[in-house]
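> what shape does this take:
(one chain, ligands or ions: 1)
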Amino acid sequence: MAPGSYPLLNMAQGIVTAGITRLIGNTPLLRIRMFERDFPKLEVYAKAEWFNPGGSVKDRAALSMIEDGERSGALTHQKTIIDSTSGNTGIAYSLVGAAKGYRVKLVMPGNVSAERKALVVAYGAEIVYSDPLEGSDGAILKVRELVAADPDAYFYPDQYSNPANVRAHYDGTAIEILEQTSGRVTHFVAGLGTTGTFVGTARRLKDQDAAIHTIAVQPEDSFHGLEGLKHLPTAIVPKIWDPSVADEVWGCPTEPAYDLAREVARTEGLLVGHSSGAALWAVRRLAETVREGVVVTVFPDSGDRYISTGLYGSKAR
Ligand code: PMP
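The predicted model follows:
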């Protein structure tokens, strides 16, 4: 499908003819106004990834990895899709698996938000919990154990190592950004989890125009509240991570990210998750130095996925 076109959506009748997975990608690019007063020459835009049917950017990676498995023959209907996930990828696997008729088993740290657990169960997936104290790395080790014990039973996409994760963004997200900004993008900012979003998008943007400046955002330290993001110096470094496409890697503190997530909800009507707050923190820091340009970032998911964490209620107005 050509990026930016919607051949399966009959606009006259509003009928989608080819299944829910065909609505993954082609998300809106929103203009963000919150920094405009201080930095009037800076245009800021964000990809609204919660418009994907599973509610997050991870729909893109899950679909890409599953369809890659179908093409290579590694995934058949006799196998169960298994992976470790802090939540959004699990929801995405569950949705795509349900739509395509595959069983899905997910290993997640016991402390992921209640909404995320409930969602994957709603799509019919099975959850195996790993030690919450070991975070996403504990989940990775647990899934490796399960696969090693019964390798023929599973299709293990391994989102941290799978080039199809990166490709979803190289062929999708980045092309959409180039089209939606008519090639005007000067800076790209995104958070690091598996690193697929950042690496795939930054690589394609730089292939298009090496002058596009790219900033990756990770939590400032290993104990943080930025669900979905990874502190690379203390984590199992994803195989797909490619530091050569990052001009800078910044460490974001948790509280300022939460503050910005709250602020963008109240001032612009955009209810976004923790990691979108981290993206905004980096955009603001960038604005202080560059002051003008066309900055594009990614808002990976919506804030309604974090209501039970107290993100919006923990501070008095
Ligand atoms: N934000 C959230 C909320 C996420 O769930 C993820 C995925 N772990 C990311 C950001 C980072 O995306 P990626 O895995 O593509 O680096």
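> and residue 301, its phi and psi?
The phi/psi pair for residue 301 (degrees, to the nearest 10) reads phi -160, psi -180.
> ok, residues contacting the strand or helix carrying residue 179?
Assigned by DSSP states H and E, residue 179 belongs to helix 174-180. Residues outside helix 174-180 that contact it (CB atoms under 8 Å, 6 or more residues apart in numbering) are 3-4, 25-27, 29, 45, 47, 185, 188, 200-205, 208, 296. Glycine gets a C-beta too; all of them are placed from N, C-alpha and C.
> which of these count as buried?
3, 25-27, 45, 47, 185, 188, 200-205, 296 (16 or more other CB atoms under 10 Å).
> and the ligand, which of the residues you listed reach it?
Among these, no residue sits close to the ligand (CB under 6 Å from any ligand atom).
> can you give me the helices for the stretch 201-317 of the chain?
For the stretch 201-317 of the chain, the helices defined by DSSP state H, counting those that start in this stretch occupy 254-268, 274-290.
> hmm, the shortest one in reach of the ligand?
No. Counting by CB under 6 Å from any ligand atom, no contacts exist between helix 254-268 and the ligand, the nearest distance being 10.9 Å.
> ramachandran coordinates for residue 112?
The phi/psi pair for residue 112 (degrees, to the nearest 10) is phi -70, psi 160.
> hang on, isn't it packed against residue 305?
No. Using CB atoms under 8 Å, residue 112 is not in contact with residue 305, being 10.1 Å away.
> more crowded one of those two?
Each of residue 112 and residue 305 has its neighbours counted (other CB atoms under 10 Å); residue 305 has more, 27 against 24.
> now that one. Nearest residue, chain neighbours left out?
residue 115 (5.1 Å; CB to CB, 6 or more residues apart in numbering).
> one more: residue 163?
Using CB to CB, 6+ apart, the closest residue to residue 163 is residue 240 (6.7 Å).
> the one you found and the ligand, how far apart?
Distance from residue 240 to the ligand, counting by CB to the nearest ligand atom, to the nearest Å: 9 Å.
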